[in-house]
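S.K.: Got a predicted structure here, sequence first:
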Amino acid sequence: MHFRLLTLSFIAIFFSACNGEIYLRDGVTDGDTFYLAERALTDDDPSLQSWVSYSLTISACQLQISGDNPARASSFDCELTARRLMLETWLEKQALRPDNQDQYLDDLVRIQDAGYLPEHVARHFAKRHWDMPKNLEVPAYKHWAREHIPGHKAETRIVGSWNYMRNVSSY
């Protein structure tokens, strides 16, 4: 699973992301095929490219763990891996354009540097059906976050959507 995720993340680094409007138009819907938003190939904004990386990683993982409906599949490991790869993309792209800022991604860098990324995922995105690691220190993360990232708001953006093949015309 990790090889496929890393391969898709590597591909995602070369994709550009779409503008912010796509996050309002597209999102996770029922389906069996994940499509990137068309503008995901043309907009080179580092923040948006990071979310493309996240979206591709999540969609690849969803396909691997899903039953009939990948759009509804999730796990702690998938979410954590996708956020780690999103951060790698953010740091690589931001190095080329250091003037870019994104409050959530900048906070996430601080969270990762403090060693609390698994706790962040558990605290803000956990689902009842997830198998959670036993060694998470969520109370310590909450205490740290109050001091170091006050007012932090967790985010998820999906750049693209799930759709059924039979409902999509081919070119």
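M.R.: Yep, it's here.

S.K.: Tell me the buried residues in the helix or strand harbouring L105?
M.R.: Element membership for L105, per DSSP states H and E: helix 103-113. Burial within helix 103-113, assessed by neighbour count using 16 or more other C-beta atoms under 10 Å, is assigned to 104-105, 107-109, 111-112. C-beta: built from backbone N, CA, C; applies to glycine.

S.K.: closest to E79 among the residues you listed?
M.R.: L108 (12.6 Å; C-beta to C-beta).

S.K.: Quick check, that closest one in contact with L85.
M.R.: No. At 11.9 Å, L108 and L85 do not qualify as touching, with contact defined as C-beta atoms under 8 Å.

S.K.: picking up where we left off before, tell me what the helix or strand just after the helix holding L105 is packed against?
M.R.: Note on helix 103-113: by DSSP H and E, the next helix or strand toward the C-terminus is helix 117-125. In terms of contacts (3 or more C-beta pairs under 8 Å, 6 or more residues apart in numbering; DSSP states H and E), helix 117-125 is packed against helix 76-96, helix 103-113, helix 138-148.

S.K.: what's in contact with the second one?
M.R.: Okay, so that is helix 103-113. Where contact means C-beta atoms under 8 Å, 6 or more residues apart in numbering, the residues beyond helix 103-113 that reach it are 47, 50, 83-84, 86-87, 90-91, 117, 120, 141, 145, 148-149, 152-155.

S.K.: ok so, going back, return the most buried member of the helices and strands packed on helix 117-125.
M.R.: Comparing those by mean neighbour count (mean count of other C-beta atoms under 10 Å), helix 76-96 comes out on top with a mean of 20.

S.K.: Extract the CA atoms of it and return them as PDB.
M.R.: C-alpha atoms of helix 76-96 as PDB (Å, rounded to 0.1, in the frame of the first residue of the first chain):
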ATOM      1  CA  PHE A  76      -6.400   6.400  10.400                       C
ATOM      2  CA  ASP A  77      -3.300   5.200   8.400                       C
ATOM      3  CA  CYS A  78      -4.700   6.600   5.100                       C
ATOM      4  CA  GLU A  79      -5.400   9.900   6.700                       C
ATOM      5  CA  LEU A  80      -2.100  10.200   8.400                       C
ATOM      6  CA  THR A  81      -0.100   9.100   5.300                       C
ATOM      7  CA  ALA A  82      -2.000  11.600   3.100                       C
ATOM      8  CA  ARG A  83      -1.300  14.500   5.500                       C
ATOM      9  CA  ARG A  84       2.300  13.600   5.700                       C
ATOM     10  CA  LEU A  85       2.700  13.500   2.000                       C
ATOM     11  CA  MET A  86       0.700  16.800   1.700                       C
ATOM     12  CA  LEU A  87       3.200  18.400   4.100                       C
ATOM     13  CA  GLU A  88       6.200  17.000   2.000                       C
ATOM     14  CA  THR A  89       4.600  18.700  -1.100                       C
ATOM     15  CA  TRP A  90       4.000  21.900   0.800                       C
ATOM     16  CA  LEU A  91       7.600  22.100   2.100                       C
ATOM     17  CA  GLU A  92       9.000  21.300  -1.400                       C
ATOM     18  CA  LYS A  93       6.900  23.800  -3.200                       C
ATOM     19  CA  GLN A  94       7.200  26.500  -0.500                       C
ATOM     20  CA  ALA A  95      10.900  26.200  -0.800                       C
ATOM     21  CA  LEU A  96      10.600  27.400  -4.400                       C
END
